[in-house]
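J.: structural data only, the sequence is not supplied:
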């Protein structure tokens, strides 16, 4: 984030802040802002840093979400699935609207984490290792990051399914029982933020090379889109694939993990995808869809504490 801030200030925000909060120092009776456009808020002023970070994360979030989800939607997503009875009218537009409105909320809540990184309070480091042990540790931080964040997200996600939290925070994301890639970031802002906390927390607990961290941060956002792409190719029993996450959206109380099935297996919440997901003919069968719709309504009723009677 420090590099992004420096570039953003150089090419954009220096001039913006000079206009919004101009300096009024004078030199020999001539206003300094008449000579050189400067701001009363220096680059290291905390409020300026926080506002700039919020702008960068918001605009960057919109750009990344819309570009990645659009690519996935048109290239990978099975559009036949949009005929499912639980697919909502104008759902794609609703997903995009929900996500676009939520991103500024995500951004504002994550500002303290990024501010801490810029100020040097995290354990991010620059440069490359100079020893074999250093290289070994740097490489090891990749699986460590995935394992740590997978554990954190599993438990946060699982508790978001508690009726009290589900009704208030997580239900908007489960509005998309048959999600498209545009549902990937269509959360309540507090829900999306809660599930992002392990990503930020990691670099305050474990040293990590900053460019590697940026790479992992990009990867996890791509992964979030991928598990909503409806492209059920992989039959892995270890990786939490898009098929596993489709089961989660349909049946609610299963497959809370982000990358792996380990925590779901340990916590008794694992449900292996079946031919309902993997077999094209069965997956797009109206009979299958009808049963899924009935089961989804029944299970959500149980989650909300008002079990519905299905005829």
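T.: Noted; the coordinates are in hand. Keep in mind it's a predicted model, so treat the numbers as computed, not measured. Numbers count the residues shown, from 1 in each chain.

J.: mind giving me the domain ranges of this protein?
T.: 1-43, 44-303 (automatic domain parsing).

J.: mean neighbour count, these: which tops it?
T.: Of all the domains of the chain, domain 44-303 carries the top mean neighbour count, a mean of 17, counting by mean count of other C-beta atoms under 10 Å. For glycine as for every other residue, the C-beta is placed from the backbone atoms N, C-alpha and C.

J.: average pLDDT for it?
T.: Domain 44-303 shows a mean pLDDT of 91.

J.: and the strands in the stretch 201-311 of the chain, which stretches?
T.: Using DSSP state E, counting those that start in this stretch, the strands of the stretch 201-311 of the chain run over 208-209.

J.: can you pull out the helices in it?
T.: Using DSSP state H, counting those that start in this stretch, the helices assigned to the stretch 201-311 of the chain run over residues 210-226, 242-251, 262-267, 275-278, 280-283, 286-303.

J.: how about the stretch 1-150 of the chain?
T.: Under DSSP H, counting those that start in this stretch, the stretch 1-150 of the chain gives helices at 2-8, 14-20, 32-35, 46-75, 91-118, 132-159.

J.: pipe the ones you listed into CSV and attach distance to residue 263 per row.
T.: Shown next, in CSV, are the helices of the stretch 1-150 of the chain (distance: least, C-beta to C-beta, whole Å):
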stretch, distance to residue 263
helix 2-8, 33
helix 14-20, 45
helix 32-35, 57
helix 46-75, 25
helix 91-118, 23
helix 132-159, 4
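
J.: right, and those helices - which one's nearest residue 218?
T.: helix 46-75 (7.9 Å; C-beta to C-beta).

J.: now do the closest one: which elements does it pack against?
T.: When contacts are defined as 3 or more C-beta pairs under 8 Å, 6 or more residues apart in numbering; DSSP states H and E, helix 46-75 sits against helix 2-8, helix 91-118, helix 210-226.
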